[in-house]
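Engineer: Let's see this in three dimensions:
(2 chains)
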Protein chains: 2
Amino acid sequence: MAIVVAVDHSDRTPRVVDFAIEEAKLRGEKLLFVHSLYGGDKTSAKEIEAGERLLDYVVSLAENRGVEAEKHLLVRGKEPEEDIVEFADEVEASMIVIGVRKRRPAGKLLFGSVAQQVILHAKQPVVCIK
Amino acid sequence: MAIVVAVDHSDRTPRVVDFAIEEAKLRGEKLLFVHSLYGGDKTSAKEIEAGERLLDYVVSLAENRGVEAEKHLLVRGKEPEEDIVEFADEVEASMIVIGVRKRRPAGKLLFGSVAQQVILHAKQPVVCIK
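Structural biologist: This is a model prediction of the structure:
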């Protein structure tokens, strides 16, 4: 079994990764870090490179703390929420860890549509980290 | 540290409780089961009785599997989302486990406002179970 961890370039990613590493240790499972890009005309070479760097970084964080980890840059013409849910099914994940947005300073509630769709459609428990 | 588990009378509660028991075992933490009722004119004696029965039941499930558990029927004039978030703070919870609704057969997306508000406002990681 493995824990799927969705990462992006936001400032909540360190907290997402930290929780996932501790949970992987508790469960004796490995981490599968995923970053989803659409591909084709919708994705630049620069975005792919940045995605690879992000994944390399989080994998190294996990390995430095003794947790086995893999990186999965998903570029297969799917929106992130669809990509994450389908990937979690493909690997028979035990859980999904994902970041959610806090409130905007203006007070308007923001609930990331990616996180919301993953929570609604994933078969696994979804851990939300702010 | 303790895990706060929000329970209601829905059919997802057994899955919520099951996840929470396993997580409590992994972490060596106790479970604090909460059920929130507004109180006063908004809550009948029958609802309070049903809440107590629900909490007694889930506590017994945890104890039968070797996990320490407490019941907390919250009747303090607060909406459930506010009650759960504030309670988790008061007890310095390590995480919150809560159920979320699946899609309605009609296909309309339903995202329980209680879960959504807890995810947005809680300081702790929130685990969503369908």
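Engineer: what residues does chain A put near chain B?
Structural biologist: Selection of chain A residues close to chain B by C-beta under 8 Å from any C-beta of the partner chain yields A:19, A:26-27, A:95, A:100, A:102-103, A:109, A:111, A:116, A:119-120, A:122-123, A:125-130. Heads up, the C-betas are built off the backbone N, CA and C, glycines and all.
Engineer: could you redo the last one with a cut-off of 6 Å?
Structural biologist: Counting by C-beta under 6 Å from any C-beta of the partner chain, the residues of chain A lying close to chain B are A:F19, A:L26, A:V100, A:I119, A:P125, A:V126, A:V127, A:C128, A:I129.
Engineer: ok, and what's touching stretch A:5-16?
Structural biologist: Around stretch A:5-16, the neighbours that count as contacts under C-beta atoms under 6 Å, 6 or more residues apart in numbering or on different chains are A:A20, A:L31, A:F33, A:V34, A:H35, A:V58, A:I84, A:V97, A:I98, A:G99, A:I129.
Engineer: In strands, which of those residues appear?
Structural biologist: A:L31, A:F33, A:V34, A:H35, A:V97, A:I98, A:G99, A:I129 (DSSP state E).
Engineer: What's opposite the last one in the beta bridge?
Structural biologist: What that stands for is A:I129. Beta-bridge pairing of A:I129 under DSSP bridges involves A:G99.
Engineer: where are the low-confidence patches of chain A?
Structural biologist: For chain A, the stretches with pLDDT under 70 are A:102-112.
Engineer: what are the ranges of the strands in it?
Structural biologist: Using DSSP E, the strands of chain A run over residues A:2-6, A:30-37, A:69-75, A:95-99, A:126-129.
Engineer: Which residues does the shortest one contact?
Structural biologist: Residues outside strand A:126-129 that contact it (C-beta under 6 Å, 6+ apart) are A:15-16, A:19, A:96-97, A:99-100, A:118-119, B:119, B:125-128.
Engineer: repeat for the second one
Structural biologist: By C-beta under 6 Å, 6+ apart, the list of residues contacting strand A:30-37 from outside reads A:2-7, A:20, A:24, A:43, A:47, A:51, A:54-55, A:58, A:62, A:67-75, A:80, A:83, A:87, A:91.
Engineer: how about a cut-off of 8 Å?
Structural biologist: Contacts of strand A:30-37 with the rest of the structure, by C-beta atoms under 8 Å, 6 or more residues apart in numbering or on different chains, involve A:2-8, A:17, A:20-21, A:24, A:43, A:47-48, A:51, A:54-55, A:58-59, A:62, A:67-75, A:78-80, A:83-84, A:87, A:91, A:93.
Engineer: Parallel or antiparallel, which strands does it pair with?
Structural biologist: Strand pairing (DSSP bridges) places strand A:30-37 next to strand A:2-6 (parallel), strand A:69-75 (parallel).
Engineer: That strand to strand A:95-99, inter-axis angle?
Structural biologist: Using axes from the mean of the first three to the mean of the last three C-alpha atoms, to 10 degrees, the inter-axis angle of strand A:30-37 relative to strand A:95-99 is 50 degrees.
Engineer: Mind listing what's buried along strand A:30-37?
Structural biologist: Neighbour counts using 16 or more other C-beta atoms under 10 Å in any protein chain shown place A:L31, A:L32, A:F33, A:V34, A:H35, A:S36, A:L37 of strand A:30-37 among the buried residues.
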